[in-house]
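S.K.: 3D model of this:
(chains A, B, C and D)
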Number of protein chains: 2
Amino acid sequence: MSNKTTLKHISDKLHLSVSTVSRALKGHPDISLETREKVKKIAEEMEYEPNTYAIGLRTNKSKLFGLIVPEISNFFYHSFISGLEEESRKIGYSLLILQSGNDPAVEAENIKLCRMNRVAGVFIALSGDSADATELQKLEEDEVPVIFFDKVPAMEACNKVRLADEDAAALAANHIIDKNKKYVLGIFGNPIMSITQKRKESFSNIISKHPSIQLNTAHAHSPEKAFDIIHDLIRENAKPDIVFTMSDEILIGVMKAVQVHKLNIPEDMGIISISNDGFIPRLYAPEITYIETSGYKLGKLAFERIKDHMEGKHFYRELILPSKLIAGKSL
Amino acid sequence: MSNKTTLKHISDKLHLSVSTVSRALKGHPDISLETREKVKKIAEEMEYEPNTYAIGLRTNKSKLFGLIVPEISNFFYHSFISGLEEESRKIGYSLLILQSGNDPAVEAENIKLCRMNRVAGVFIALSGDSADATELQKLEEDEVPVIFFDKVPAMEACNKVRLADEDAAALAANHIIDKNKKYVLGIFGNPIMSITQKRKESFSNIISKHPSIQLNTAHAHSPEKAFDIIHDLIRENAKPDIVFTMSDEILIGVMKAVQVHKLNIPEDMGIISISNDGFIPRLYAPEITYIETSGYKLGKLAFERIKDHMEGKHFYRELILPSKLIAGKSL
DNA sequence: AACATTTTCGCAACCGTTTGCGGGGGACAA
DNA sequence: TTGTCCCCCGCAAACGGTTGCGAAAATGTT
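M.R.: Numbers count the residues shown, from 1 in each chain, chains lettered A, B, ... in the order given. Below you'll find the predicted structure:
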């Protein structure tokens, strides 16, 4: 049996009613200042801690946000989580974190869990491309805001926060153009993902406007594949002047090839990447020039959106986190 | 107003009492098989989802584990979280994740949050060295198991899961000895942390038994400091034959110096490190030999402990995750 | 002093679920 | 027929807060 103090305990001790104690504790004007002080003092002494479940049951609300990601162990997501947690805590909210491991069934289950816990909002990075429309629909029916991030659905009528994918790629492209080199290789991720498509299209468009540049593109779904691409090119004596990598993952593979062949950066080959918070680019010497797309900052942005929603701004909106170039010495 | 179906809705529709519905749903033998089936069918149709708060209030339990870490954005912790989440979900539990940012006050607040949420257990990596004994004490009073991990308190009477710090360092030391080199440098972390002390002591003890080896040690509280250490040694022409780094963080600094000075690994200098899951060591070419200390696996181990506790094994125990050497080509 | 008003607090219902206990009704034996 | 036993199920209290409403006490107004 739990020995936790309840409102009843306090009310008994003070010969007040439970309702008075409840009101006093939250500074309700109906209760005299004197009583309020007295109650608060005793509550403190008795180490009163409100029962979350009683409150949740009565008010049908909670101080929880749901957070659903394909996997926690991922650079981008955990920096997002970190940013979001910091902000949430400031307003007294905690995070219920669910992993769906790219399994739509688990994802649906997790959304259900969010509903059952009466979360005040849900942040979700979709695992597949198909949004679980029906499950999420139910959340919207209860006026629980849903904020998509990272992997966002195509539809208009929803809240999304995302990185400026096109801008990021464009920034890289323009930086490359300034360098006046000839052979440029762009390595992108899984071609069916929209993030890949956006970045590739934006990048290619800008580069191809400069006829002096010869652009090749490739796709790598893993660091190993990226490694192979560079490795093969070097053996064929077709090393590019500049390599653009769309993500940290790909950069890792490229840099491994660079190390194996003992290439000098930037003399032998220039490198520029898009990176989450720049952790990977800063691992190398010289540090790799990168376009920052911060999960951490995106987490804060997502929080802004939900706060707006909680303050009554119930319209749908898409928030985009600007990216910026952080110059290293890699090209 | 929420339109969620409750037991009452089901009971109305079926002309049964709420209690019968409740029992039917959980297969209570008092209820006839026929009724049970009928209720379950309707519940399914009406998309019944139990109200977590009502259950929590009534039973004073929850399907939540509390997880308190200094920071989420940390290699080790997020792989721990990932492992723990996977296991928890299997038995229908979710994770309430709290960051305490190395602030004892926030840490105390987070522990309080865990109590308020009636979590079924708490996993905590202490931020400072001083355990918040009083706050955690209250948890134990309610028979909520507390599992310390990573940064564990010194006291006996508690549950801990941790890495085999001594073993890990010993493994590295013995591997170094096999290489028959002369100058060995060990770089360790913050000397006031017990993890540092353990690793350093274990490492030094073993190495110093071999008079043919000349051992130096140093402390680095950041990658930059580790970089400086190597950088300076090279400039002074005092490059060690083998460097042992106690953590990924330190390895990063060392590897940066290696790159700046274009050292050949392992010819110019051998390297061996302790690493979480080997992510960092595998970033380089050649891949760095490392002692694996997996946060992911530790997460699973921590879950085992709490499961035991939930099954009635209420004694205190310390579980240690064995470490193993993963050979790269760095020495 | 009589009445109107405000201040301060208590009553009781309610949120949705769990659970001890008791009761109605059918089956079966005496 | 009456009594006993078991099978199903419902009653009602309980969990710990919140909140609309009304009432008593204190204060103000003529």
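S.K.: Check whether the least confident helix or strand in chain A by mean pLDDT comes near DNA strand C.
M.R.: Within chain A, no helix or strand scores below helix A:133-141, which has a mean of 75 by mean pLDDT, DSSP states H and E. No. Contact of helix A:133-141 with DNA strand C (Cβ under 7 Å from any atom of the strand) is absent, the minimum separation being 14.4 Å. Every C-beta, even on glycine, is put in place using the N, C-alpha and C of the backbone.
S.K.: elements contacting that helix?
M.R.: Using 3 or more Cβ pairs under 8 Å, 6 or more residues apart in numbering or on different chains; DSSP states H and E as the contact test, the elements touching helix A:133-141 are helix A:104-116, strand A:121-124, strand A:146-149.
S.K.: measure the residue most central in space within chain A to DNA strand D for me?
M.R.: Nearest residue to the geometric centre of chain A (Cα atoms, centre = their mean): A:F80, 3.6 Å. The spacing between A:F80 and DNA strand D, counted by Cβ to the nearest atom of the strand, to the nearest Å, is 31 Å.
S.K.: and stretch A:241-255, how far apart are its ends?
M.R.: Start-to-end span of stretch A:241-255 (Cα to Cα, to the nearest Å) is 14 Å.
S.K.: got the contact list for the least confident helix or strand of chain A?
M.R.: If you take Cβ atoms under 8 Å, 6 or more residues apart in numbering or on different chains as the criterion, helix A:133-141 is touched by A:107-108, A:111-112, A:114-115, A:122, A:124, A:146, B:3, B:47.
S.K.: show me the residues around the residue nearest to the centre of chain A that make contact.
M.R.: Here A:F80 is in contact with A:69, A:125, A:149-150, A:295-296, A:298-299, A:302 (Cβ under 8 Å, 6+ apart).
S.K.: next structured bit after the strand or helix carrying it?
M.R.: Here A:F80, judged by DSSP states H and E, is contained in helix A:75-90. Note on helix A:75-90: by DSSP H and E, the next helix or strand toward the C-terminus is strand A:94-99.
S.K.: Neighbouring strands - and their directions - for that following strand?
M.R.: strand A:64-69 (parallel), strand B:94-99 (antiparallel) (DSSP bridges).
S.K.: Contacts for the last one, please.
M.R.: Defining contact as Cβ under 8 Å, 6+ apart, one finds that strand B:94-99 is touched by A:64, A:81-82, A:85-86, A:89, A:94-98, A:113, A:117, B:63-72, B:81, B:84-85, B:88, B:106, B:110, B:113-114, B:117, B:119.
S.K.: CA atoms only for the helix or strand A:Y296 falls within, dumped as PDB, please.
M.R.: Using DSSP H and E, the element containing A:Y296 is helix A:295-310. The C-alpha coordinates for helix A:295-310 follow below in PDB (Å, rounded to 0.1, in the frame of the first residue of the first chain):
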ATOM      1  CA  GLY A 295      17.800  17.900 -35.400                       C
ATOM      2  CA  TYR A 296      18.300  19.700 -32.200                       C
ATOM      3  CA  LYS A 297      17.000  22.900 -33.600                       C
ATOM      4  CA  LEU A 298      14.200  21.100 -35.400                       C
ATOM      5  CA  GLY A 299      13.100  19.700 -32.000                       C
ATOM      6  CA  LYS A 300      12.800  23.200 -30.700                       C
ATOM      7  CA  LEU A 301      10.900  24.300 -33.800                       C
ATOM      8  CA  ALA A 302       8.500  21.400 -33.400                       C
ATOM      9  CA  PHE A 303       7.900  22.500 -29.900                       C
ATOM     10  CA  GLU A 304       7.100  26.000 -31.000                       C
ATOM     11  CA  ARG A 305       4.500  24.600 -33.300                       C
ATOM     12  CA  ILE A 306       2.800  22.600 -30.600                       C
ATOM     13  CA  LYS A 307       2.900  25.500 -28.200                       C
ATOM     14  CA  ASP A 308       1.100  27.600 -30.700                       C
ATOM     15  CA  HIS A 309      -1.400  24.900 -31.100                       C
ATOM     16  CA  MET A 310      -2.000  24.700 -27.400                       C
END
